[in-house]
Structures are given as C-alpha cells and as structure tokens.
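# Got a sequence here, can you model it:
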Amino acid sequence: MKLACRLAEKAYLASQTALVWHTDADELKAFDDMLWTFMDGSFVPHDVLTQNVSGNEAPVLLSAGTAPQAKFDIIINLAPGVPDCLSQTRRVAEVIDGDDSRRRAGRARFKAYRDLGVQPASHNIRGD
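So this is what the prediction gives:
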C-alpha cells in the first residue's frame, strides 16, 4: 500500500486528479490512515468519497465502490476487480504485491483489460 500512497502523492505533486478505488471499506480506511503517515514530511490532500458527497475539490479521492461522476487523470486500483468507473480515466495503476491471491486477481484484471481493448503495460517495482 505504500507504493499506492507514493502514486497518489506523485499525482498530487503533478497537479493531477486521482481516484483511489477499492471495494473494501475497511482496507480503504487503512489506506486513508496510511496517506497521513507513509512518509515523513509528505502531505497528500485527500477525501473519502461517499454517495452523499458531490463536487468534492480534493485532488485525491478515495472510494469504496462509489463511482464518482468526475473524470480523473489516474485511477489507483486497490480492488480485486476492474474499477466500475474505468471510462472516467485514461490511466489506471494496479498495485500488486507478492500475495498469491492478489497476484491471481491481478492476472485476471490484466486479461479483462485486454478483453476491453486496453493494452496494459507492466512495471516490476521492488518494495522497500
């Protein structure tokens, strides 16, 4: 999840909008907490999107399955499936660690993206 925090920070520092997509509210809450503490001196302005929130101005939004109406520069997908709001961006970042079940889900998403006509690129990034 630390890499996902860095991706959100990178988007913010580049004046881009980002949506962190997850379908597990508890894991999204843990990510929300991590955004405040993942690196000394880091600040990523963000807000959790709920069904009752509209017109949110935070550059980084977190969603536990609520698809916002806005367009985003990047969606950071932490969910096991393809984001429902895929059409609202041109870029999706998938963060997949060494856990077997998450790797299998990542492979299934990679195939689903291809089936949708998206040509994914992969980058092997070693964690710290």
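
# Strands along this structure, start to end?
18-21, 46-49, 60-63, 74-77, 92-94 (DSSP state E).

# Please tabulate those in CSV, including the columns mean pLDDT and distance to Gln119.
Every residue, glycine included, has its C-beta placed from N, CA and C. Conversion of the strands of the chain to CSV gives the following (pLDDT from 0 to 100; distance: least, CB to CB, whole Å):
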stretch, mean pLDDT, distance to Gln119
strand 18-21, 95, 20
strand 46-49, 89, 28
strand 60-63, 94, 25
strand 74-77, 94, 16
strand 92-94, 92, 12
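
# How many residues are close by Leu49?
Leu49 has 23 neighbouring residues, counting by other CB atoms under 10 Å.

# in the sheet, who's paired with it?
Ser63 (DSSP bridges).

# Ile75 versus that one, what's the distance?
Note on Leu49: its distance to Ile75, by CB to CB, to the nearest Å, is 12 Å.

# Give me the most central residue, the protein.
Most central in the chain under CA atoms, centre = their mean is Ile76, positioned 1.9 Å from the mean C-alpha point.

# Distance of that one relative to Leu7?
5 Å.

# now do Thr66
In this view, Thr66 and Leu7 are 20 Å apart by CB to CB.

# again with Leu19
Counting by CB to CB, the gap from Leu19 to Leu7 is 11 Å.

# ok, now how distant is the residue nearest to Asp47 when sequence neighbours are not counted from Ala112?
Residue nearest to Asp47 in three dimensions, not counting chain neighbours: Ala58, with 3.9 Å by CB to CB, 6 or more residues apart in numbering. Applying CB to CB, the value for Ala58 to Ala112 is 29 Å.
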